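Engineer: model this:
(one chain, ligands or ions: 1)
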Amino acid sequence: MSTELQGTIDALLQEDRRYEPSAEFHAQANVKDPAVYERAGRDPEGFWAEQARNIDWITPYHTVLEWDVPWAKWFVGGQLNATANCVDRHAHGSRRDKPAIVWEGEPGDTKVLTYADLYREVNRAASALKRLGVQQGDRVALYLGMVPELAIAMLACARIGAPHTVIFGGFSAESIADRVNDCEAKLVVTADGTYRRGSKFGLKLHVDRALESCPSVDKVLVVNRTHDPAEVNMVPGRDLWWHAEVDRSGSEIVPPEPLDSEHPLYILYTSGTTGKPKGMLHTTGGYLVGTATTHQAVFDLKDDDVYWCTADIGWVTGHSYVVYGPLANGATCVMYEGTPDYPDKDRFWALVERHNISILYTAPTAIRTFMKWGAQYPAKHDLSTLRILGTVGEPINPEAWVWYREVIGRDICPVVDTWWMTETGMILITPLPGLTTLKPGSASFPFPSIEADVVDDQGTSVPLGGGGYLVIKRPWPAMARTIWGDPERYRQTYWDRFPGSYFAGDGAKRDAEGYFWLLGRVDDVLNVSGHRIGTMEVESALVSHPSVAEAAVVGINHEIKGQALAAFVTLRGSSEPGDEQVDILRNHVAEKIGPIAKPDKVFFTAELPKTRSAKIMRRLLRDIGEGRVGGDTTTLADPSVLASIKEQYEEQEG
Ligand code: WTA
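Structural biologist: Numbers count the residues shown, from 1 in each chain. So this is what the prediction gives:
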């Protein structure tokens, strides 16, 4: 874990800055009785059974939890449908005309879908999917920008019991193919393109390339977003326009399929410590109960709130807190297609003002970027509708936390720093804004019923004040059930390290009052701008280039992104180092994985530091990348290598 972050945290602990909930906020809060922690801790299953009453079950469940480590089943015997909960019950009730999705495209076009509208669109899309042969259990891949059709397509899949896999719109053709093939998707929904920073960004062309090697796919539905049908190559017999197919459905109603509580809702791929991403499988009942409950409690959701989670739906935050949690709660959700600096650096604040947003949930990277751009941008807008602010995805440095609270939150909005993961499905460590005294930089306490601990190498609990590995000692309803097609990897990765406990892969420290301070990843997974990237994935992309003999990728601290990728590359004999080679390799990685995985820096070195057993010592490279004097080099096969790498590095750094 990063010593710099550790230093910041230690300094902050001494400073002991804290923010109590105001009396007004406390008085109106959804959760205001501190006894909830004790009650839920004593009887977690009872707590979740109580929460499950907020979900409509088609068939009641008979057992809250069956737990045979590491295999969990929640609300066993129950049947439900996620869309019936996220859409139908609101469309058929008092929220019929309430906006469900308030969407803004990057060019400025807008669309508002009420719950009644969403109901109609989800039914039409579900009917189209069925007509195209998608059946319960079939997998559907979604590769779109942030347009309402993405949420509609997810819900349409959920309605008929076809698990979806959303592939982030920034991934390359090869990444699409890997995911589609791993889950053997039958149909792909994509768009001609999407808008990013004022330009059209093509999507369909990546799908076309990917599908050259995806035998499982027989149909592709294409949303017309950037409106250049002439530029899109529609493959006869395979590709169909989304709008035409949905129109063909007319006003057909597809009854929500009664699905087992453990029916797969979706697969979402995330980076791990090997080159192959893991398809985390989430199921229906527990996931919906977990996301709806946390969304309502952590964001203190009221019926008149306008809620905006800025995450892309391609990541888990978008699944749990743009789509399923908020819609299950009947919230009004804002969705925005583009970047925060288009047409100018005040776009987010213009959105807040225009849509009267009251709850904002974003990432530390974004906050640090806004800080750098300056307070003059938010100052142009009336942000007085905001009443609660959230962050997720990476540790937030206390300075950014305080800026967020003071500049965006008028120094009155509670800031909830929420810790969770693709694997956890729902927020697990978080303040409850009406109860928790906040400390900037700390995610504070485990959500009621969640038993988190900090342990040492042997799995022994570290006393308050100490640091170690974060583990969760009891199952929770929205936990991933397995890795698609690889249950053994699931057990090994998360449950073998500390038997009986979930190993998150994060370092953490608890202060004397038991507050949790997350310290970043302890494995070879990096968190770049809140996006998880495995160093192995980038290394394999690099070595797949003919000019590369060997590559090691490490994360180095970065002011805005949290972490940045630094690649140390050894070239093959005839290849020349230099700026041109740097560009070639960065583009090669973008080609292989996607632009988010492009190394920020590429350094050429004649050799890499290795142990006697030929293991690359990434720690030493990290030290070099962060300008530190190399640490313990006694295990190096050839200690002189390090001095030489350092020399070459300094030369190239200039
Ligand atoms: C990191 C995102 C510190 C952590 C929901 C975790 C955080 C990884 C926080 C999961 C936070 C997420 N404070 N670190 N509040 N939230 N992380 O799967 O390292 O994209 O393991 O899920 O992000 O990233 P993922």
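Engineer: which bits of the protein sit near the ligand?
Structural biologist: 270, 315-317, 392-395, 417-422, 443, 504-506, 518, 520-521, 527, 532 (CB under 6 Å from any ligand atom). Using the backbone N, CA and C atoms, a C-beta is placed for each residue, glycine as well.
Engineer: now the helices: where do they sit in the stretch 151-300 of the chain?
Structural biologist: 173-183, 204-210, 242-248, 285-298 (DSSP state H, counting those that start in this stretch).
Engineer: For the longest one, name the packing helices and strands.
Structural biologist: Translated: helix 285-298. helix 44-52, strand 71-76, helix 325-328 (3 or more CB pairs under 8 Å, 6 or more residues apart in numbering; DSSP states H and E).
Engineer: will you turn those into CSV that also has mean pLDDT?
Structural biologist: Shown next, in CSV, are those (pLDDT from 0 to 100):
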stretch, mean pLDDT
helix 44-52, 98
strand 71-76, 98
helix 325-328, 98
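Engineer: winner for burial among these?
Structural biologist: helix 325-328 (a mean of 28; mean count of other CB atoms under 10 Å).
Engineer: would you turn the helices and strands packed on helix 285-298 into a markdown table with distance to Gly562?
Structural biologist: Listed next are those as a markdown table, based on distance: least, CB to CB, whole Å:
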| stretch | distance to Gly562 |
| --- | --- |
| helix 44-52 | 32 |
| strand 71-76 | 31 |
| helix 325-328 | 25 |
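Engineer: Let me know which of those is the nearest to Tyr287.
Structural biologist: Closest to Tyr287 of the helices and strands packed on helix 285-298 is strand 71-76 (CB to CB; 8.5 Å).
Engineer: Partner strands of the closest one and their direction?
Structural biologist: Strand pairing for strand 71-76, determined by DSSP bridges: strand 63-68 (antiparallel).
Engineer: for the stretch 301-450 of the chain, which spans come out with low pLDDT?
Structural biologist: By pLDDT under 70, the stretch 301-450 of the chain has no low-scoring segment.
Engineer: residues in contact with the residue in it positioned nearest to the ligand?
Structural biologist: Distances between the stretch 301-450 of the chain and the ligand by CB to the nearest ligand atom are smallest at Thr422, namely 3.4 Å. Applying CB atoms under 8 Å, 6 or more residues apart in numbering to Thr422 gives the contacts 268, 270, 280, 315-316, 480, 532.
Engineer: one more time with 10 Å
Structural biologist: Contacts of Thr422 were listed using CB atoms under 10 Å, 6 or more residues apart in numbering, and they are 268-271, 278, 280, 282, 315-317, 319-320, 480, 532.
Engineer: Next, give me the two most distant ones among the residues you listed.
Structural biologist: Ser271 and Ser320 (18.0 Å).
Engineer: between the two, who's got more neighbours?
Structural biologist: Ser320 (30 against 24; other CB atoms under 10 Å).
Engineer: The spatially closest residue to the more buried one that is not a sequence neighbour: neighbouring residues, count only.
Structural biologist: Of all residues not flanking Ser320 in the chain, Thr291 sits nearest, at 4.5 Å (CB to CB, 6 or more residues apart in numbering). Residues lying near Thr291 (other CB under 10 Å) number 27.
Engineer: The residue of the stretch 101-250 of the chain found nearest the ligand: neighbouring residues, count only.
Structural biologist: Using CB to the nearest ligand atom, the closest approach of the stretch 101-250 of the chain to the ligand is made by Phe168 at 10.6 Å. Phe168 sits with 20 neighbouring residues when counted by other CB under 10 Å.
Engineer: got a pLDDT number for it?
Structural biologist: Listed pLDDT for Phe168 reads 97.
Engineer: ditto for Leu621
Structural biologist: pLDDT, Leu621: 89.
Engineer: Mind listing what's buried along the helix or strand hosting it?
Structural biologist: Assigned by DSSP states H and E, Leu621 falls within helix 618-625. Within helix 618-625, the residues scored as buried using 16 or more other CB atoms under 10 Å are 618, 620-625.
Engineer: Toward the C-terminus, what is the element adjacent to that helix?
Structural biologist: helix 640-653.
Engineer: Output the contacting helices and strands for that next one.
Structural biologist: strand 562-571, strand 601-604, helix 618-625 (3 or more CB pairs under 10 Å, 6 or more residues apart in numbering; DSSP states H and E).
Engineer: Contacts for it next, please.
Structural biologist: Contacts of helix 640-653 (CB under 10 Å, 6+ apart): 566, 568, 577-579, 582, 601-610, 617, 620-621, 623-625, 627, 629-630, 633, 636, 638.
Engineer: same thing but at 6 Å, please
Structural biologist: The contact list for helix 640-653 (CB atoms under 6 Å, 6 or more residues apart in numbering) reads 603, 605, 607, 609, 624, 630, 633.
Engineer: Ok, stretch 514-532 next?
Structural biologist: Against stretch 514-532 from outside (CB under 6 Å, 6+ apart): 1-2, 5, 9, 270-271, 273, 363, 365, 393-395, 419, 429, 439, 442-444, 464, 505-510, 533-535, 555, 561-563, 596.
Engineer: List only buried entries from those residues.
Structural biologist: 1-2, 5, 9, 270-271, 363, 365, 393-395, 419, 429, 439, 442-444, 505-510, 533-535, 555, 561-563, 596.
Engineer: Where does the prediction get shaky in the chain?
Structural biologist: Ranges of the chain meeting pLDDT under 70: 1-15, 629-631, 654.
Engineer: So it: which segments form each domain?
Structural biologist: 12-507, 529-653 (automatic domain parsing).
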